[in-house]
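1. sequence and computational prediction follow.
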Amino acid sequence: MTVMRTPTGPTLRIALPFVAKSDIDLARLRQRGDELVVTVGSYRRLLALPAALSRFAVAGARVEDGALVVRFVAEPAPGGRTGDWKDGGSVNVVAYDEQDKPIAAR
């Protein structure tokens, strides 16, 4: 797992070789700390996010060169939303509030 700064916000890169974008679902949980839920097929992993990413919202994710790349942007106002990159490589992204209720995607 690697975090990098970009001009548009931080990105998190997780190596997932041989995985197609259609096999991946991604969610963010804030109730039990700040975790990213990565589901690949029937396998699910909870990944604790670095503290530096706690003030950022998930903006989108895509599969790129054998890795899942998650893009973050500055946290929107309460009730904020998540979205996907527009390049056709995006995966399903869902964010959850403190009560584990889904926040609508844009």
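-> That came through fine. It should be emphasised that the depicted structure is a prediction, and the values quoted were computed from it without experimental measurement. Numbering: from 1, shown residues only.
2. so who does residue 73 touch?
-> With contact taken as CB atoms under 8 Å, 6 or more residues apart in numbering, residue 73 is in contact with 8, 9, 56, 57, 59. Where you see a C-beta, it was placed from the backbone N, CA and C, and this is true even at glycine.
3. could you identify the most distant pair in those residues?
-> The span of the contacts of residue 73, defined through CB to CB, is set by 8 and 57 at 12.6 Å.
4. which one of these two is surrounded by more residues?
-> residue 57 (19 against 10; other CB atoms under 10 Å).
5. now do the more buried one against residue 6, distance only.
-> Here the distance between residue 57 and residue 6 works out to 15 Å (CB to CB, to the nearest Å).
6. ok so, going back, which ones among the contacts of residue 73 map onto strands?
-> Mapping the contacts of residue 73 onto strands (DSSP state E) picks out 56, 57, 59.
7. was I right to think the first one contacts residue 74?
-> This points to residue 56. Yes: with contact taken as CB atoms under 8 Å, residue 56 and residue 74 are classed as touching, separated by 6.3 Å.
8. many thanks, we can stop here.
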